[in-house]
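Chemist: The following comprises the amino acid sequence and a computationally predicted model.
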Amino acid sequence: MLKISIDKLDALFEAISASQTLYIPADREDGSAEYKKYESGMKLSNALNTVRSAKDFFFPQTENLVDFKMEGKNIEVIDIREESEDFVIFGVRACDARSFTILDKVFLSEPVDSFYKNRRDHGTVVTMACTRPAETCFCGTFGIDAAAPEGDAACYSDGESIFFEAHNDKGQKFIDSISSLLEEGDTAKLDAVRDKTREILKKLPLAGISTESFGGDKLMEHFNSEKWAELSESCLGCGTCTFVCPTCQCYDIKDFNTGHGIKRFRCWDSCMYSDFTKMAHGNPRLTQLERFRQRFMHKLVYFPSNNNGEFGCVGCGRCLSKCPISMNIVKVMKALEVK
Amino acid sequence: MQEAMINRAKQLLADGTVDRVIGWKRGEFAYDITPAVFRSAEELDADFVFDDFTSANVSKYLVKESKKEGKILAFLKPCDTYSFNQLTKEHRVVRENVYIIGIPGGPKLDAEKIKAKGITGILGVKNENYTLKIETVYGEETMPYYEAVLDKCASCKSKKHVVFDELIGDDGEVLESNRFEMVEKLENMTAQERFDFWRDQLSKCIRCNACRNVCPACTCEKCVFDNPNSGVENKAPADSFEENMFHIIRAFHVAGRCTDCGECSRVCPQNIPLHLLNRKFIKDINSLYGEYQAGEDTTSRAPLNDYKQDDCEASIVHERGVE
């Protein structure tokens, strides 16, 4: 397999960023990590994952969709879409890589979301296999192998070198573009590292979480469960879980009058918010219990019902770390589990 | 301590003094604790926890809980009692419906600070003479307790319970804290440096509203930012400056009412030091109107709600200057 020595990563990043925009996970002062646009001298973070997920690259928190200009009785519709430039996201973890498959099912099915598709077409996802999963990880529950991430191309580290593997044409093109920096390398040590990672994954505290009790055919029993009251009791109704989630995909669209015209603005929405899906007739979910239930029913029942059994969670563990009151999908799954 | 609390809660449930108990519920790991209401001795035995990670302030939950039928037992740490008192003062909680047991405060731990040291795969955390023994998937790690203490506890203002019906453990004193140190540092910056500091911090905001929703001073029935009729409602910043305004407006709204409980910064997923905005207001109120601690009592008039002839004039802004 082609590889590069870890101490030559700077040269690699320089080479990639010379031809297109490169994003890498970088450390912040507080010890957490976030994706940043690569600039010379920037170091790849060792953190397991970023606070915000990689979905932001394809489905940003805010964007303008279209402009309207009014003159007299005429309304001019201005298409503000621009062709995105090519970019590379380097170091995406297996969980986030799978989240793109989930988002694709929402945004690339008819009617195709051209804003999302534009960015998807121009982005190359280069993943990085995990070697140090955390206690909050449970990607295995959703059939994800953290030691073998998806993506256009995947990277594996054995501690000394990073190995590259293409998964499709886009990934091959990426590897070709940096091939002058790569050399053929022996994977014996890497294979051992990956085996060890898989052993750790099996031993993680959440390794036993099962989806068996969930799916599209379990609608009424979960919807009517009496447990939602207790589970949602302390929920603050903030949007942290939804905004750090790599698969949450709900959005809101609103027209703003700028004084010079109308801007149609789209931003992430959160089912935890009191005005979620508010319509002319009012709000269909009046209590926090109903809104809280929506989030988990969506991921564990509605999404698989609409998508051939695929669940709307990738087990990245961000909501486990970030919920202010530590209520999360694992606790919900355990409470609703049919034993 | 946990055992004494559970036993006392069981007694109060059994003799009918209360019919519910608000406290903290054990999670999947050592640190992921959820505020919870317990209704029976069995529930208390199964899940009630009080340890180094039970940092959440449960006072705000009492806004709702104290309006329900019956009486609820609340275990309040010193800082939580200031929040409760302030809520009583603002007529947001029904004092008679809450039986308060004052319990010792922190310093409590911040799991994020342990993780920031690169300690991950955490299976258990033990405090041995203020050295943390952390069992992980990758072996045992140790770190000094005080390096993992929550920011809000590192600058604790008081160990005194300002309201309680009874105490478990001793009451403490108001402390000489270092809580205005960083505010002073910011005041001593140039306007540009300070502007850059806040722009850098606030640009991390994802507008999750966790700070607002956890804040015991934020108890509006309908926040102006959630109200589509307000004209300023929004779920995300439409431009890069809006986020900054959201936090500044919120800080203004809780000025003189914020007890400095520190929950805003504790819950921020992006680690924005939001409490510094509130502390700036507290410091200014102290220097312009005389020492005042929100939540210390339930009867005094708050400086910003009161008029005195020697109150500073609006021109103080120019007198102090901006640079």
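Modeler: Alright, I've got the coordinates.
Chemist: use CA for all of it now, contacts and neighbours both
Modeler: Fine.
Chemist: can you give me the strands in chain B?
Modeler: For chain B, the strands defined by DSSP state E occupy B:20-25, B:34-38, B:72-76, B:98-102, B:122-128, B:131-136, B:139-144, B:166-167.
Chemist: Now the ones you listed in CSV, please, with extra columns for mean pLDDT and mean neighbour count.
Modeler: Below are those laid out as CSV (pLDDT from 0 to 100; neighbours: other C-alpha atoms under 10 Å in any protein chain shown):
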stretch, mean pLDDT, mean neighbour count
strand B:20-25, 98, 24
strand B:34-38, 98, 24
strand B:72-76, 98, 26
strand B:98-102, 98, 23
strand B:122-128, 96, 17
strand B:131-136, 97, 18
strand B:139-144, 97, 14
strand B:166-167, 97, 14
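Chemist: To chain A, which of these lies closest?
Modeler: Smallest distance to chain A across the strands of chain B (C-alpha to the nearest C-alpha): 5.0 Å, for strand B:34-38.
Chemist: angle of the closest one against strand B:20-25?
Modeler: Calculated by axes from the mean of the first three to the mean of the last three C-alpha atoms, to 10 degrees, strand B:34-38 forms an angle of 150 degrees with strand B:20-25.
Chemist: Now do strand B:34-38: which elements does it pack against?
Modeler: Judged by 3 or more C-alpha pairs under 8 Å, 6 or more residues apart in numbering or on different chains; DSSP states H and E, strand B:34-38 is in contact with strand B:20-25.
Chemist: Send me the strand it packs on as PDB with only the CA atoms.
Modeler: Only the C-alpha atoms of strand B:20-25 are listed here, as PDB (Å, rounded to 0.1, in the frame of the first residue of the first chain):
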ATOM      1  CA  ARG B  20     -40.700  13.900  45.200                       C
ATOM      2  CA  VAL B  21     -37.000  14.400  45.400                       C
ATOM      3  CA  ILE B  22     -34.900  16.300  42.800                       C
ATOM      4  CA  GLY B  23     -31.300  15.300  42.600                       C
ATOM      5  CA  TRP B  24     -28.900  13.500  40.200                       C
ATOM      6  CA  LYS B  25     -29.100  10.200  38.400                       C
END
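Chemist: and it with strand B:98-102, angle?
Modeler: 40 degrees.
Chemist: what packs against strand B:20-25?
Modeler: In terms of contacts (3+ C-alpha pairs under 8 Å, 6+ apart), strand B:20-25 is packed against strand B:34-38, strand B:72-76.
Chemist: again, 10 Å this time
Modeler: Judged by 3 or more C-alpha pairs under 10 Å, 6 or more residues apart in numbering or on different chains; DSSP states H and E, strand B:20-25 is in contact with helix B:2-14, strand B:34-38, helix B:41-47, helix B:61-65, strand B:72-76, strand B:98-102.
Chemist: how far off helix B:2-14 does the second one point, in degrees?
Modeler: Going by the same axes, to 10 degrees, strand B:34-38 is angled at 40 degrees with respect to helix B:2-14.
Chemist: the helices in chain B, which residues?
Modeler: Along chain B, the segments classed as helices by DSSP state H run B:2-14, B:41-47, B:61-65, B:78-89, B:111-116, B:151-154, B:181-187, B:191-202, B:210-214, B:242-253, B:263-267, B:275-289, B:316-320.
Chemist: For these, state which one has the densest average packing.
Modeler: Among the helices of chain B, helix B:78-89 has the highest mean neighbour count (mean count of other C-alpha atoms under 10 Å in any protein chain shown), at a mean of 26.
Chemist: quick one: stretch B:173-189 near chain A?
Modeler: No. Stretch B:173-189 stays clear of chain A (C-alpha under 10 Å from any C-alpha of the partner chain), getting no nearer than 15.9 Å.
Chemist: Do a quick rundown of the helices in chain A.
Modeler: Counting by DSSP H, chain A has helices at residues A:9-19, A:94-107, A:114-122, A:169-177, A:188-203, A:219-223, A:227-232, A:240-244, A:288-297, A:303-306, A:318-322, A:329-336.
Chemist: rewinding a little: want to try JSON lines for the helices and strands packed on strand B:20-25, with distance to A:G259 as columns?
Modeler: Formatted as JSON lines, these follow (distance: least, C-alpha to C-alpha, whole Å):
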{"stretch": "helix B:2-14", "distance to A:G259": "60"}
{"stretch": "strand B:34-38", "distance to A:G259": "46"}
{"stretch": "helix B:41-47", "distance to A:G259": "56"}
{"stretch": "helix B:61-65", "distance to A:G259": "41"}
{"stretch": "strand B:72-76", "distance to A:G259": "51"}
{"stretch": "strand B:98-102", "distance to A:G259": "51"}
